[in-house]
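Participant: Dropping a prediction and its sequence here:
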Amino acid sequence: MNTLKIAIQKSGRLHDESIQILKDCGISVYNGNDQLKVTASNFPLEVYYLRNSDIPQYLIDGVVDIAIVGDNLLVEKGQNIQIAEKLGFSKCKVSVAVPKIFDYNTIQDLNGLRIATSYPKTVLDFFNSKGITVDIHQISGSVEIAPNIGLSDAIVDIVSSGSTLFKNGLKEVEVILQSEAVLAVSPQISEEAKALLNKLQFRIQSVLRSRKSKYILMNVPNHKINNISNILPVLKSPTVMPLAEKGWSSVHSVIEEDTFWEVIDQLKEAGAEGILICPIEKMVL
Ligand SMILES: Nc1ncnc2c1ncn2[C@@H]1O[C@H](COP(=O)(O)OP(=O)(O)OP(=O)(O)O)[C@@H](O)[C@H]1O
Ligand SMILES: O=P(O)(O)OC[C@H]1O[C@H](OP(=O)(O)OP(=O)(O)O)[C@H](O)[C@@H]1O
Ligand SMILES: [Mg+2]
């Protein structure tokens, strides 16, 4: 039987949310503490638990059909790898940082300096594009310590909250790229596997949509329904149902997480009462 092969990080930043998104798609897989290859019971999916940094090569070689990886890793190692879907978690930046006492004004200040990083290609491409020469020192982890131990003058590494930089006396001076977890596709994927990928992607899109949206219900005097409807950025038009109390209706709709509080304030001002907000399990368009 046809199966779709997916690579997922064995352990680390991406592991839990990768398993969770499959779960939300109705696909249950064993979480791989001791098994490196597992088969889902209710979808033709084989899961390979791998080191994150090895995943782009497995995609290039066609050992797996798809993978969940950080976009930043594809920039570093993933020539020819297409992104099917941005997944909205593990958001971070890849940035240049220097010691706090470094008198940094422009990127030219880094010319000729030593940069420690785990992402040499990303760094080289970035500085080449700016016409600046740097001396790259490739290390595989704990990059933020490099300036303190005299290994480098600056670093390029992942920044999220900025607390690792802060704790190591560094400051961010340039953002090279923004990253998040993505569903990446092997250039060698077969037509059969592609058909399964389409099925999986359809489910993932429903899950992502529902994560971004809330179901909203409110009571509205009938003469204010038009005003309220105009505020609601609905999928189609809102559902309106009469309440037992004469002259009032219950209005139902869907709103986006991002605009949520603004919309609620406007609805209250326009006369909505008893507003209820509920999570959405799946959203199929
Ligand atoms: N602090 C962070 N906040 C948000 N996302 C992050 C953070 N650190 C890393 N990431 C993202 O998660 C991915 C995996 O990072 P993680 O540190 O778990 O693995 P790794 O050390 O790169 O790889 P390996 O599995 O090979 O040991 C990174 O490629 C990046 O996209
Ligand atoms: O801006 P922050 O929120 O502090 O996050 C950034 C840190 O997170 C990552 O390391 P991680 O914790 O994954 O450790 P690792 O070096 O073992 O991969 C990254 O390499 C940075 O060091
Ligand atoms: Mg890490």
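Facilitator: Now that the structure is in, tell me what you want to look at. Residues are numbered from 1 along each chain as shown. Ligands and ions are numbered 1, 2, ... in the order given.
Participant: can we go C-alpha only for contacts and neighbour counts from here?
Facilitator: OK.
Participant: near ligand 2, which residues of the stretch 151-285 of the chain?
Facilitator: Within reach of ligand 2 by CA under 6 Å from any ligand atom, the stretch 151-285 of the chain has these residues: 157-164.
Participant: Can you add pLDDT, neighbour count and secondary structure and give those back as TSV?
Facilitator: What follows is those, written out as TSV (pLDDT from 0 to 100; neighbours: other CA atoms under 10 Å; DSSP: H, G, I helix; E, B strand; the rest coil):
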residue	pLDDT	neighbour count	secondary structure
157	98	23	strand
158	98	26	strand
159	98	19	strand
160	98	14	coil
161	97	10	coil
162	97	14	coil
163	98	11	helix
164	98	15	helix
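Participant: how far away is residue 146 from residue 121?
Facilitator: 18 Å (CA to CA, to the nearest Å).
Participant: Find the nearest non-adjacent residue to whichever residue of the stretch 151-285 of the chain sits closest to ligand 1, please.
Facilitator: At 4.6 Å from ligand 1, residue 160 is the closest residue in the stretch 151-285 of the chain, using CA to the nearest ligand atom. For residue 160, ignoring the flanking residues on the chain, the nearest one in space by CA to CA, 6 or more residues apart in numbering is residue 92 at 4.8 Å.
Participant: need the contact list for the one you found.
Facilitator: The contact partners of residue 92, by CA atoms under 8 Å, 6 or more residues apart in numbering, come to 158-160, 178-180.
Participant: Pairing-wise in the sheet, spell out the partners of it.
Facilitator: Listed by DSSP bridges, the beta-bridge partners for residue 92 are residue 179.
Participant: got the residues of the stretch 1-150 of the chain near ligand 1?
Facilitator: Close to ligand 1, as judged by CA under 6 Å from any ligand atom, the stretch 1-150 of the chain has residues 9, 12-14, 51-53, 70, 72-73, 90-92.
Participant: how about a cut-off of 5 Å?
Facilitator: Counting by CA under 5 Å from any ligand atom, the stretch 1-150 of the chain comes close to ligand 1 at 12-13, 51-53, 70, 90-92.
Participant: Of the contacts of residue 92, just say which sits nearest to residue 138.
Facilitator: residue 158 (14.3 Å; CA to CA).
Participant: Please name the spatially closest residue to that closest one (chain neighbours excluded).
Facilitator: residue 94 is the one closest to residue 158 (CA to CA, 6+ apart), at 4.5 Å.
Participant: does the host helix or strand of that neighbour come close to ligand 2?
Facilitator: Applying DSSP states H and E as the criterion places residue 94 in strand 92-99. No: on the criterion CA under 5 Å from any ligand atom, strand 92-99 is out of touch with ligand 2, staying 7.9 Å away.
Participant: Setting aside sequence neighbours, what's the nearest residue to residue 170?
Facilitator: Nearest to residue 170 is residue 99, by CA to CA, 6+ apart, at 4.3 Å.
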